[in-house]
Each structure stands twice: as C-alpha cells, then as structure tokens.
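Engineer: Sharing a model that was predicted from the sequence below.
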Amino acid sequence: MAACSVCRRESQTCKGKCGDLGEECSCHATCVSLLTCCADYSQSCLRVSPYSGSMLGGNAFRILNVVFRPDERLLCRFKGEIEVEGFVDADGRAHCISPLLYETGWIPFDVSTDGINFDRSGEYLSVHPSKLDPAFSVTLVNATQWQYYGTANTAGRLKMTWNSSLIGADRVGVELWGYREVSGSTGAEKKESTPQAEWTYLYSLARDLPNTGAFSFTPEPSTGPSSSWALGSIRVSASSKPDGARHVQGLWSRAHALAWHLDQTFRDDAAAWAKDRCLEWDALEKSLPSFLDEVMDCPCTLAQARADTGRFHTDYGCDIEKGSVCTYHPGSVHCVRAIQASPTHGSGQQCCYDSAGALVLTGDSIGGSTPDRAHDWGSPPYRVPPRVPGLSHWLYDVMSFYYCCLWSDHCHIYFSHRPSSGCQTYQPPSAGVVLGDPHFITFDGLSYTFNGKGEYCLVFSPDKELSVQARTEQVKLKNGTSAKATRLSSVAMKEKASDVIEVRLAEHQDHLQVLRNHKAVSFTEQRWMDLQGVFVFSPSPQNVTVMFSSGVGVEARRQEGTMAVTVLLPTEFTNHTQGLLGQMNSDPSDDLLTRLGEVVPSDSTTAEDIFTFGASWNISTETSLFTYDSKYLLDTYYYPPKHDPAFVPAFSLPERPDDPLVADMLQMCYGDGAQFCKYDTLTTRSLALGNATLRVYRSHMALMQDLEPVVSCGWLPTPRNGKKNGTHYLEGKTLSFSCNEGYRFYGSPERICLDDGTWTGVQPFCMTDDVLAFVLGAVGSFSALITMGVMIKLHNRKQERGRQEKLGQMATHEQTC
C-alpha cells in the first residue's frame, strides 16, 4: 500500500472519507503508524470500546478520542438505515447503543450531532449470541430447570444473574421477549410471500427492581396471545425506559425454549402438548423443500473432523476440550459443525463422534449427527429467515427437538426429517505447509527448502480466484547479526470478493497480528469473527485459523519467534493450483513448476535450482495483498523488487565436530524431519528453534495421517425383532446380528465392510415360524399367479403368431393368383 506525503493541512478532512488514501494525507488506518493522517482523522474515523456485543443489541459502546458537549444530542446510524439515540455523559464521552441487527460481523455506523450530517464513522462487531462471553449476558441459573419447567417433577423458583455494572442504572426491569418467523408479502403487487423475523416484547416479569445482579421468581402459566410464543430471551434494562422499548441499554439471556412461560395446558400434560406440536412440525417439514441433498457429508472419523479446519469447526455445545458436556447428543464426546451454510437453503451440518472416534448416527442413537434446515451461525445475507444467526436454527431445528424428543417420546418423527448424512462421499482436504527457515511440503508431499527474501506466491488458483501470499525476512541472531537464512514473517490471502486477511508476526514476535483489509483487528473480546466471505478464529495470540467460503483453510501458528502456515484445500482444487506449494494433483514430480511453466526435476535438482524456482514466484506490487504500514516495510518490500536478488542464503552448513551445538543437535534432530531440524539449528545457532521446526514437521505428519481417506460402507439397520452388535461402518469393521427369543434368523449373521465400500452378505431379518409360513404361502401363491400369467401370455402370443402366419399365407396366395 503506497504511502502518501506527510501532511496535516487543515483543508484536508477525513469526514465522510474514512478508509481513503488522499494525495496529501491519509484517512486510512495505516496512516497512524506512517504519520500521514489528516488533521481530523482521530475525530472523524472513530474507534470504540468495547468493540463488540450481542447481535440482539443493547450494548453501550464508548467512542474514543472524541469529546462532545454534555448537552449535545447524539444520533448513531447503523448500516445507513437504523438510527438509535445515543448519549453523552457528564465527562463529554459519547456512547452509542447497538440495535437489534439479525446479522453478525462488522457493522458500519455513523454519528451525527445535528441529525443531518452523519460524517463521522466507525465499525462495531455484532456477535452471535451463543458466542458471546457469558459475562456480558443474563445467565439462566440451572439451565435444565428452565428447559423442563412444567414437565413432570420440574417446578420451583427460577433464578437469573447478570453483571449489574453493565446496565447503567440503579433500578431495572426484567422483560420477556419472543421470537418467531412469519410470512410477509413483498413485490409491487405483494403476491410473493417471504418469511420475516419478528422479535417482540411479550410482558415484564418485574419492574423497578434494585439492580443487584440477581432475580428469582416462580413463573405462572401464561394466558392470552403471548402463550403461543415458545422461543425467546429475557432482557434486563433500566426501569427508566418504557416497557418493551427497543434499542436501549440492556443485557440479554441466550435464546431458550420457554417451557416455564407456556400455558396451563402444557403443565397439565406436557407430553401430550409437545406431541401435538411435534405433529404440527412434522406436517410443516413435509411441506417444505428438502435440504438434505445439499448439505455435505460428515468426516468419517473424529481425527478427520478436527483436522479439516477449513470446513468444520467445534460445536461449542459438545466440545471434547471442555469436558464433552453434550446435552443434545448423549453418547457423543465431540461434535463439529460445517462452517459454511448450504448455498440454496442456508442449511447446516452437525457431526458427532463417540469415545472411539467413530461417527455417531441417528439410526443408532438419539445423540447422533443431525443436519440442520437453518445453519446455527446463519448465512449471508443474514437478516432474512431462515438465515438469521442462531434464532432461525432454534426455530427450525432445536424447538422441534424439544417437542419430539425432550418433552415427548416421538424422536422417530424428528429423525425422519433430520437423519444423519453419513460419510460415504466425504473426501478429506490436501494439506501443504511452510515451516522453519523456511521449508516447504507441497500438497503432493514434496519437501524442499527455499530461503529467498521477499514476497512470494504461496498458492495461486486463477480458476478459483484464490491467492495466498507469503513474506519472508532475514533471520536475526541473538548477537544482533543476520543469518544467511530467512523465515516466514507474514501471510496474506483473499478469495474472490472476500476481505483481505493478513496474519503476521507482531513487532515483538510473541504473538500473531491479524489485519483485515490492511487494518489491525483485536481478538481481546472475541475469538471468532464473521467477515466478508471469510471467517477468522484465534483461540490464542499464537494461533489463527482463516476459513474461506470454498472450504479453504489457512492455519498460522507462532513458535519460537517463527511462523508456520498450513494451507488445506478441498478436492475441488485438484489441478487448479500453482505456486510454492505446488500443483495439487497427487504427482509430486511436477510440483516445482516455475511461473514460466517449466518443471524443475525434483529428483535431480540442486539447492541452487530450487532457489531459482522459488524466486520465479515473486509477486508484483499490483497483485500484492500485503500491508505496508511502516517505513521498514516500505523500504524493504514495497519499493524494492519483490525478490531480493542481493540476498544469497547458505544452501548447506557443515556439521563440524568442534561446533558446541553439533552434539546436542544430533541427539535432538533424528528421524523424519531431521534435515530441517539440523539446518535451522545451524543457521540460527539455536537448538530451541531447530526443535520447534522438528515439532511442527511432526505435527504436520500427524495431520497428514489424520486426513488419510477411509472407506465407509454406510449404515446398516437393526433387523426388526432382532439385535445389531456394532455401530462402526468403516473398512474392516464387522457387524453381527441376532434375533430376539421366539424369532428365527434369516440372512447373514455377520457382515464385513470391504475396501470397495460394500458389505459382505445380505441383510438379515427375524421372523416367527407362523409369520414365515404365511409369507412363504403368500410368496408361493404369488409365484403361482405369476407362472399362470406367463403361461397365458405365452399361449396368447402363440395364437397371435399362428393367426399372423395364416394371414400372411392368404396374402401371398392372393398375390400369386
């Protein structure tokens, strides 16, 4: 990114121009470090704290670095359409209140003090309610009691708590709000019906309470129109605001099934009430288009599911890292969700696994994997059902589970519409990695070292419009000198019209920094961000995962002051990649393809040949995705050539017996990856860095093992009136079958999954002798009828043939007479 001239002329303004690069000064975020900002940049291009809050709204965020008069009226406008009254406190600090948005991601906002000119702008991160830190929500104490209230043996007082300091008032009200999706009309003639999200105030549970941070009550059955609402949330807000006021400061509970709120009919016979709702849902599902063929199959094993980070992510409701508390999937230890929603219906996939790492299916367990009509995380363009994050999923997929499975015993109805997809069509991604100083392992498994200094094309796919670029810098030794080797310092990426994401070593190298469209983003409040065409997850300052719409995943990890990057590509990228990570086509011999289309033979090449190959993949200033927000980056990478021709690395280093590092190095660097470990130890004079390289190499090898394809033969049912021993359906697994007492077994007692994806034997069944006699009699009668029919048909055909022969003879006789 080019730097503009340093300027602070008063005539240049950033009002209405945030993000622009001016000729004399800048309104882009990079101007702060480059010292090129226009004079009013900090007053016009706003920063806020906190920078995130619930999608449901009510969060008061403060505008930083700007002082207003306490008597000024502040209007905050979100997405150019939703205007919310803000406020200025006694110290002149301005606050905006986030509105209900029905979408997640960075939301642009503008502010005005005259109600006309909205010329100061910023961004605010709208967060999925279930991904919000519980400290910023109303907590429903003993969630099980809330979920089952009114069913048999569940009653008593319900309790909730919240952080009282986040309300901004001494006295509060507690309200119930409901969510549903109703049909609406669109179009000029209003003939086209489309569902619309409806978030409605139902009633107040309490008014004018002291803001102690806790409230308990004994719920009464609801009456009137509000009793039909079964899904909603509780809001706690200042009592000074009118009941049901929108866009006011407050805290929300997570969406939940309103068992405690339902009418007396539910409490009289919860199972019967739930059964009726289950049957209503069953009828609704039958009227809706099927989405099952559109969702992708699950990974076959837990190892695959956790390794395929470009397409699947941990379901926080069943996480093995947090003790496997799987409320909705008993018997499972870990679940993942498909990251991307299906294209047409916005549907999702959930995959759950048992303690043996096998996929759990609904045909065997109530805790099995289930597809979702509405993806839990929503999907662009959001706002419109069934793509509203969280709430649409609750309405279409979770409430029905309560009706059919939790509050009544009709799970078979639920699973008839949400059967597990299995894993027979799942294909794991291919992975390539850059590690150490720096070493490359291509998608097809070719290993090599390239120590160029500059900016290079790591993965390039013109057909898929994917670009992943790598920047390397010279390694600095502890004594202050520079090594004759480089390391990866940054990776930048983009797919189609997505945001540009860059992950780079922070200045002090103790963590990774993430930039979105050349602007640094913080993960201090949120670990997950929904961005334009891409998701970013950062569970710790040293780990970042980037996930694109196509299923491409890029993992960046920091260890010992260096960065390692793994790229995972779905099979759709086969024969569609170029760059330093090679052509993904299962043929490592052509991976060293230069930009000019020449293949460097991998089996007879020298380190110098590889260096020439790598240099050919330098990028250009025009195609660069990198950020240049310091004088060092401008002088080192922006202005000079993208590949530094003056830098020549050490292609190899001798292992001298008198070197004090060698003995410890040889003891540490052994087995696969030893050559990389030795090179990095000697070039950096650091055993710690050499060991880090070896660990990353072995981690990559373990990843490759986890991503090995496996064969699935598909689910087999339990015979009626019988038993099935085994629930694993992968190659080499055996299932055995038997009948209950009083039934005779027919078919194969044992079936084995073969390497071609088929089962040995035939499907077994269990019958009593009298039923068998009846069936055989029916089959015999049916066979006799078929035989009689065939004989009659043959007789008729013979008679017809004789008649045609006679007619032919008559015609011939007439012609010859």
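Structural biologist: Received the coordinates, thanks.
Engineer: use CA for all of it now, contacts and neighbours both
Structural biologist: Fine.
Engineer: Phi, psi for Glu83 please.
Structural biologist: phi -100, psi 130 (degrees, to the nearest 10).
Engineer: doesn't Ile97 make contact with it?
Structural biologist: No: if you go by CA atoms under 8 Å, Glu83 and Ile97 don't touch, sitting 9.9 Å apart.
Engineer: between those two, what contacts are shared?
Structural biologist: Listed as contacting both Glu83 and Ile97 by CA atoms under 8 Å, 6 or more residues apart in numbering are Cys76.
Engineer: quick one, which of those two is more surrounded?
Structural biologist: Per other CA atoms under 10 Å, whichever of Glu83 and Ile97 has more neighbours is Ile97, with 23 against 19.
Engineer: quick one: contacts for that one?
Structural biologist: Contact analysis of Ile97 by CA under 8 Å, 6+ apart lists Gly57, Gly58, Asn59, Ala60, Phe61, Cys76, Val84, Glu85, Gly86, His247, Val248, Gln249.
Engineer: Let's have those residues in JSON lines, adding pLDDT and neighbour count.
Structural biologist: Converted to JSON lines, those look like this (pLDDT from 0 to 100; neighbours: other CA atoms under 10 Å):
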{"residue": "Gly57", "pLDDT": "96", "neighbour count": "23"}
{"residue": "Gly58", "pLDDT": "96", "neighbour count": "24"}
{"residue": "Asn59", "pLDDT": "95", "neighbour count": "27"}
{"residue": "Ala60", "pLDDT": "95", "neighbour count": "26"}
{"residue": "Phe61", "pLDDT": "96", "neighbour count": "21"}
{"residue": "Cys76", "pLDDT": "97", "neighbour count": "26"}
{"residue": "Val84", "pLDDT": "96", "neighbour count": "19"}
{"residue": "Glu85", "pLDDT": "95", "neighbour count": "16"}
{"residue": "Gly86", "pLDDT": "94", "neighbour count": "24"}
{"residue": "His247", "pLDDT": "93", "neighbour count": "21"}
{"residue": "Val248", "pLDDT": "95", "neighbour count": "24"}
{"residue": "Gln249", "pLDDT": "96", "neighbour count": "25"}
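Engineer: In which helix or strand does Cys96 reside?
Structural biologist: Assigned by DSSP states H and E, Cys96 falls within strand 93-97.
Engineer: Each with direction, which strands does that strand pair with?
Structural biologist: Strands adjacent to strand 93-97 in the sheet, as given by DSSP bridges, are strand 60-67 (antiparallel), strand 87-88 (antiparallel).
Engineer: Of all the residues in it, which ones are buried?
Structural biologist: By neighbour count with 16 or more other CA atoms under 10 Å, strand 93-97 contains the buried residues Arg93, Ala94, His95, Cys96, Ile97.
Engineer: Repeat that for stretch 59-72.
Structural biologist: Residues of stretch 59-72 classed as buried by neighbour count (16+ other CA under 10 Å): Asn59, Ala60, Phe61, Arg62, Ile63, Phe68.
Engineer: Show me where this protein dips below the pLDDT cut-off.
Structural biologist: Along the chain, the model assigns pLDDT under 70 to residues 1-11, 184-193, 509, 770-817.
Engineer: Find the centremost residue of it, please.
Structural biologist: Centroid-nearest residue in the chain: Ile339, 2.6 Å away (criterion: CA atoms, centre = their mean).
Engineer: any idea how far Ile501 is from that residue?
Structural biologist: 18 Å (CA to CA, to the nearest Å).
Engineer: Just to check, Arg424 is in contact with Asp297?
Structural biologist: Just so we're on the same page, residue 424 is Gln rather than Arg. Yes: here Gln424 reaches Asp297: they are 7.3 Å apart, a contact under CA under 8 Å.
Engineer: list the helices and strands the host helix or strand of Cys677 packs on?
Structural biologist: In this structure, Cys677 is located in helix 674-684 according to DSSP H and E. If you count contacts as 3 or more CA pairs under 8 Å, 6 or more residues apart in numbering; DSSP states H and E, helix 674-684 packs onto strand 482-495, helix 662-668, helix 687-706.
Engineer: Buried residues, the shortest one. List them.
Structural biologist: If you call a residue buried by 16+ other CA under 10 Å, then helix 662-668 has these buried ones: Val662, Met665, Met668.
Engineer: any chance of the strands paired with strand 93-97 in CSV, plus distance to Asn517?
Structural biologist: Supplementary listing: those in CSV, determined by distance: least, CA to CA, whole Å:
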stretch, distance to Asn517
strand 60-67, 22
strand 87-88, 31
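Engineer: Compare those strands and report which one is nearest to Pro654.
Structural biologist: Pro654 sits nearest to strand 60-67 of all the strands paired with strand 93-97, at 56.5 Å, using CA to CA.
Engineer: Give me the distance from the closest one to the chain's centre.
Structural biologist: Relative to its chain's centre, strand 60-67 lies at 32 Å (CA atoms, centre = their mean, to the nearest Å).
Engineer: what sits up against the longest strand seen in the chain?
Structural biologist: In the chain, assigned by DSSP state E, the strand with the most residues is strand 192-210. The contact list for strand 192-210 (CA under 8 Å, 6+ apart) reads 170-186, 226, 239, 243-244, 383-386, 388.
Engineer: and among the helices and strands packed on helix 674-684, the most buried is which?
Structural biologist: Stretch with highest mean neighbour count among the helices and strands packed on helix 674-684: strand 482-495 (a mean of 22; mean count of other CA atoms under 10 Å).
Engineer: List the pairing partners of it within its sheet, with orientation.
Structural biologist: Applying DSSP bridges, strand 482-495 is found paired with strand 466-476 (antiparallel), strand 501-505 (antiparallel).
Engineer: what's the angle from that strand to helix 674-684?
Structural biologist: With axes from the mean of the first three to the mean of the last three CA atoms, to 10 degrees defining the directions, strand 482-495 sits at 120 degrees from helix 674-684.
Engineer: mind checking how far strand 482-495 is from the chain centre?
Structural biologist: A distance of 27 Å separates the centroid of the chain from that of strand 482-495, by CA atoms, centre = their mean.
Engineer: With stretch 637-653 instead?
Structural biologist: Stretch 637-653 has its C-alpha centroid displaced from the chain centroid by 38 Å (CA atoms, centre = their mean).
Engineer: How about stretch 728-743?
Structural biologist: Offset of stretch 728-743 from its chain centre (CA atoms, centre = their mean): 36 Å.
Engineer: What's the end-to-end length of it?
Structural biologist: Start and end residues of stretch 728-743 are separated by 25 Å (CA to CA).
Engineer: That one: which residues count as buried?
Structural biologist: Going by neighbour count (16+ other CA under 10 Å), the buried part of stretch 728-743 is His728, Tyr729, Leu730, Glu731, Lys733, Thr734, Leu735, Phe737, Ser738, Cys739, Tyr743.
Engineer: Between those residues, which sits nearest Val468?
Structural biologist: Among these, and counting by CA to CA, the member closest to Val468 is Leu730, at 35.3 Å.
Engineer: Sounds good, over and out.
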